[in-house]
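Student: Generate coordinates for the sequence data below:
(one chain, ligands or ions: 1)
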Amino acid sequence: MSSSVPPSPHRRRLVGVSTKMYFSHARTTQFIASFIDGHLQHHTSTNPNLAASLASKIDIFIIPDFLSLTSAVEQSTRRQTTDGPKVLVGAQDCHWEDSGPFTGEVSPSVLAEVGCSIVEIGHAERRRFFGETDAITAKKAQAVARNGMIPLICVGEGEAGGSPGQVEEAQEEVVRQVESCLEGVDEMKEVWIAYEPVWAIGAKEPAGKEHVRAVVRAVRKSEVVRRREGKGGMTRILYGGSAGPGLFAQLKEEDGVDGLFLGRFAHEEGQFWKTICEVAEVDDSKGRAE
Ligand SMILES: O=C[C@H](O)COP(=O)(O)O
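Tutor: Below is the predicted model:
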């Protein structure tokens, strides 16, 4: 089984949620069923225009814990309609080798085998609690792409970049991380970059819009991203860190952020759906909030 991201000539928007380690298996199953049946299908089955519009504009993804992954793939596949948007399923991490003596680790080739489309790597919590580095993240990104999935590479400056006056430091640190984490990744393959300032994760509020826009601009203009785009490897950029409904319109600018990577503020199905609709609606060239 393999569930790939539908090809797109342009950068479709992205909205996804990670349940991190917040949910029980039962809650994950209920969340997916309720999100797809009670919100996505409920609204799109009676409104073919909405179904077509979402399917052409946006990719939706859910990243549950490892043990819930196969049932999440089964749930999203079973509920899939031909004309509505797909709900892709991702993993929260993987090893950089496909097989071998790595007790307790999860193989990227097995993730692809069970229908996983995306693998999140280098998250700030993996870096902080498990000592992961850019070099490890790069090896994992190579492995994910090699196995036909999309690497969702998390980057973000630490405390030092937290105040508005330090945006240049944040830009430098994040671009350096992006360069290191993309080292050796096939330049013709798509990657997703989640910009998550460490100080905005698990916080009350997201980072300020000017700060996010400036850092995303720097990543978009970076040599590594431009080089990849020249070779056909699309790079989509998301913002994460206390994101939720109401944020995307503030962050969006032309050729800027492509979507949101949500945590706590989308752990209620209705909030996830609300954010998806908002992200799909925001004008292509500018945010509505200007
Ligand atoms: O994976 C998602 C991000 O780390 C954001 O989490 P959060 O919105 O709960 O701060």
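
Student: dump the residue contacts of the residue nearest to residue 75 when sequence neighbours are not counted.
Tutor: The spatially closest residue to residue 75, leaving aside those adjacent along the chain, is residue 32, at 4.8 Å (CB to CB, 6 or more residues apart in numbering). Where you see a C-beta, it was placed from the backbone N, CA and C, and this is true even at glycine. The neighbours of residue 32, taking CB atoms under 8 Å, 6 or more residues apart in numbering as the test, are 62, 64, 72, 75-76, 87.

Student: Spell out the residue ranges of the helices in the stretch 101-250 of the chain.
Tutor: Taking DSSP state H, counting those that start in this stretch to define them, one finds helices in the stretch 101-250 of the chain at 108-113, 124-130, 134-146, 167-181, 209-221, 223-230, 248-251.

Student: Need the mean per-residue confidence for the last one.
Tutor: Summarised as a single mean, pLDDT over helix 248-251 is 96.

Student: if we look at that helix, which residues are touching it?
Tutor: Residues from elsewhere that reach helix 248-251, judged by CB under 8 Å, 6+ apart: 209, 212-213, 216, 239, 257, 259-260, 275, 278-279, 282, 287-289.

Student: Put the alpha carbons of stretch 214-234 into CSV.
Tutor: C-alpha atoms of stretch 214-234 as CSV (Å, rounded to 0.1, in the frame of the first residue of the first chain):
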residue,chain,number,x,y,z
ALA,A,214,10.6,37.7,7.2
VAL,A,215,12.0,34.3,8.0
VAL,A,216,9.9,32.5,5.4
ARG,A,217,11.0,35.1,2.8
ALA,A,218,14.6,34.3,3.7
VAL,A,219,14.1,30.6,3.3
ARG,A,220,12.2,31.0,0.1
LYS,A,221,15.1,33.1,-1.3
SER,A,222,17.8,30.9,0.0
GLU,A,223,20.2,29.4,-2.5
VAL,A,224,19.3,25.8,-1.6
VAL,A,225,15.6,26.3,-2.1
ARG,A,226,16.1,28.1,-5.4
ARG,A,227,18.5,25.5,-6.6
ARG,A,228,16.0,22.7,-5.8
GLU,A,229,13.2,24.5,-7.6
GLY,A,230,15.4,24.9,-10.6
LYS,A,231,15.8,21.2,-10.7
GLY,A,232,12.1,20.5,-10.2
GLY,A,233,12.0,19.8,-6.5
MET,A,234,9.1,21.7,-5.1
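
Student: Quick one: mark the members of the contacts of residue 32 that sit in strands.
Tutor: 62, 87 (DSSP state E).

Student: Need the contacts of residue 32 in TSV (columns: distance to residue 187, pLDDT and neighbour count).
Tutor: Output for those, formatted as TSV (distance: CB to CB, whole Å; pLDDT from 0 to 100; neighbours: other CB atoms under 10 Å):
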residue	distance to residue 187	pLDDT	neighbour count
62	28	98	26
64	30	98	27
72	30	98	27
75	34	95	23
76	30	94	23
87	28	96	23
